[in-house]
Structure formats: C-alpha cells, structure tokens
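**Q** no letters, just coordinates:
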C-alpha cells in the first residue's frame, strides 16, 4: 500500500515537472517571438521633421550664409565666386526662357536609359562571373580593372568609333556602369551562406530556379550596393561625355551647360550646372535607392519600422 502511494506521488511529481518544463519552454518561445517581432509604430510627423528635414535645411542655410559672407568680404574676385543672388538670377533666366527643365531632362533621360541598359547587361554578366569559375578567372580581373578606369578615358575612343551622337553617350555610360553592377552582384553572391545553397538543392531549387529563388534574394544587399554604385558611375560617365563632346544634334544637357559656362567665363552658369547635377543625383538616391535599401534591410530585420 505504501509502495503504491509512493509511486503515485512520484508520478505526480514527474507530471508537474514535465508541465513546468513545457510551460517554461513555451514561455521561452513566446519571449523569443516577442523579441523578433517588430512593433509597427508610426513615427510622429514632428519627429520626422526634426530628425530628417531640419538638419539638411540647416546645413543648406549655413552654406548659403557662409557663401554670401565670402562674397561680401570679397575674399576672391567676383568673377571667380559669384554671389547666391547671381546664381539665382541664372536659374530665373533659364526658367523664364523655358530651358531649365530641358537641361535636366536631356541628361536625366540619357542617364536613366543608359543605366537600365547597363542593368540588363551587367546582371547576367555578374551571375555568370560569380557562378562559373573559368569565366571568373578570365573576366573577373578585367571587370575590376574597368571599374577603376576613369570614365572620361572612354570618351575619345567612343567619339572616334561612333561619332557625336547619343550612341556615343550610351557607350560611355555602359563602359562605366556595367563593371560596377556586375562586381556588386559577384560580391553579393560570394556572401551567400553555403547552407542556403544546400537547402535549396535539397528542396529541388537547382539551375535557373535556384538562382532566382535562392541566390538572387540572398545576394540582394550586395547587388543593391552595386546598382547604387552603377548609377553613380552612369551619371559621372554621362557628365564627362557631355562636357567633352558637344554637337547641336546632342542638345544641351547639364554637362554641356557646365562647359558653356566655362567657355563664356560665366561662373554663375557653372555654379548653376553644378547645383543641378547635384540635385539630380541626390534626388535619384533619395527617391529610388534609399527606399529600396530600407526595404531590403527591414525585410531582413536589420532596420526598425519608421
């Protein structure tokens, strides 16, 4: 009888311990889930304005104040450093003549079209270099060398080969952007954990299916960095081509506007072209690449929601 009672108590004790262990594991799992779950909380508009809008506005205002102070103090000759009002006059004149947006659109259309074409060429090239050893050994060093070559070096041969036309512009853009896009994708593929590839092969994701569903998503951060750098090279290559090569058939882009200011000894026009080039580059980064980068980082739990 006593033995039966003892065994019953022992069994009850084991059941309690098991229940306690299960509840402890359940609590641990719930805690881990809570840590991994991001709280979808909207940032107040006042905080967004204070943290993201006011700092660049303050920086721009500070630059304008220092610039105006230098012109008032006549640190350099006026023809070397025009006043902000003189540059604003150039902007107003271009606006009234209806040429301001023509300058921007001419260069922006060429830059975006050339970048998209470089994307179509550079993506499969990067995958080929990353996945095939012989191709990497043969082409990899060439891509790295092309990426380090200044884009302006391609303008003279492109003019001799293709003439003064849009094809020459696109050729210079491609030679500057394709290596950056391809190398960015190669770097992203190299950083894919081998476990992902083995898991994909186990699930039947091989060949093109494995590349699309396993390799490309895992390599997306490096690929996006290559795209961002590729756009920078596209824009710089285009500006170099527009500055050196001029023709009535090409129209007047931002690079040609910059060269016209140098030819006419008009520093206000030179500053106008520089500001427009900067504005376009910053706008593309803020409107295209920064949202894509935040989305990729957020999908990987590396960036909190805002």
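**A** All right, it came through fine. Just so you know, these numbers come straight off a predicted model, no measurement behind them.
**Q** okay, residue 32: pLDDT?
**A** The pLDDT attached to residue 32 in the predicted structure is 45.
**Q** for the one 5 residues further on, same thing?
**A** The per-residue pLDDT reported for residue 37 equals 47.
**Q** next: residue 56.
**A** Per-residue confidence (pLDDT) for residue 56: 76.
**Q** what about it, which helix or strand?
**A** If you go by DSSP states H and E, residue 56 is part of helix 54-73.
**Q** report the central residue of this protein.
**A** Nearest residue to the geometric centre of the chain (C-alpha atoms, centre = their mean): residue 228, 2.6 Å.
**Q** what helices or strands is the helix holding residue 56 leaning on?
**A** Using 3 or more C-beta pairs under 8 Å, 6 or more residues apart in numbering; DSSP states H and E as the contact test, the elements touching helix 54-73 are helix 84-97. Where C-beta positions appear, they are placed from N, C-alpha and C, glycine not excepted.
**Q** what's near enough to touch residue 78?
**A** If a contact means C-beta atoms under 8 Å, 6 or more residues apart in numbering, then residue 78 has residue 71 as its contacts.
**Q** give me the spatial nearest neighbour of the residue nearest to the centre of the chain, chain neighbours excluded.
**A** Taking C-beta to C-beta, 6 or more residues apart in numbering as the measure, residue 228 lies nearest to residue 289, with 4.8 Å between them; neighbours along the chain are not counted.
**Q** list the contacts of that neighbour.
**A** The neighbours of residue 289, taking C-beta under 8 Å, 6+ apart as the test, are 224, 227-228, 231.
**Q** which of those fall within helices?
**A** Those of the contacts of residue 289 mapping onto helices are 224, 227-228, 231, per DSSP state H.
**Q** for residue 150, state which of those is nearest.
**A** Checking the ones in helices among the contacts of residue 289 against residue 150 with C-beta to C-beta, the nearest one is residue 231 at 17.2 Å.
**Q** from what I see, the closest one and residue 287 are in contact.
**A** No. Using C-beta atoms under 8 Å, residue 231 and residue 287 do not qualify as a contacting pair, with a distance of 11.8 Å.
**Q** and the two? which has more neighbours close in?
**A** A count of neighbours by other C-beta atoms under 10 Å puts residue 231 above the other of residue 231 and residue 287, at 24 against 9.
**Q** so the nearest residue to that one once chain neighbours are set aside, which state does it fall into?
**A** Counting by C-beta to C-beta, 6+ apart, the nearest residue to residue 231 once its immediate chain neighbours are dropped is residue 115, at 5.4 Å. Using DSSP: H, G, I helix; E, B strand; the rest coil, the secondary structure recorded for residue 115 is helix.
**Q** tell me the contacts of residue 115?
**A** In this structure, residue 115 makes contact with 173, 177, 230-231, 234, judged by C-beta under 8 Å, 6+ apart.
**Q** quick one: which of those residues is most hemmed in?
**A** Comparing these on neighbour count, residue 177 comes out first with 33 neighbours (neighbours: other C-beta under 10 Å).
**Q** could you measure that residue against residue 81, distance?
**A** When C-beta to C-beta, to the nearest Å is the yardstick, residue 177 and residue 81 sit 34 Å from each other.
**Q** quick check: which element contains residue 123?
**A** Using DSSP H and E, residue 123 sits within helix 100-131.
**Q** what residues of that helix count as buried?
**A** For helix 100-131, burial by neighbour count (16 or more other C-beta atoms under 10 Å) applies to 100, 103-104, 106-108, 110-112, 114-115, 117-119, 122-123, 125-127, 129-130.
**Q** got it, and stretch 253-265?
**A** Residues of stretch 253-265 classed as buried: 253-261 (neighbour count, 16+ other C-beta under 10 Å).
**Q** quick one: which two of these are the most distant?
**A** 253 and 261 (13.0 Å).
**Q** let me know the closest of the buried residues of stretch 253-265 to residue 91.
**A** Comparing every one of the buried residues of stretch 253-265 with residue 91 (C-beta to C-beta), the shortest separation belongs to residue 257, at 11.8 Å.
**Q** so who does the closest one touch?
**A** Under the criterion of C-beta under 8 Å, 6+ apart, the contact partners of residue 257 comprise 103, 269, 272-273, 276.
**Q** ok, now with 10 Å
**A** Each residue near residue 257 by C-beta atoms under 10 Å, 6 or more residues apart in numbering is listed here: 90, 94, 99-100, 102-104, 106-107, 242-243, 269-270, 272-274, 276-277.
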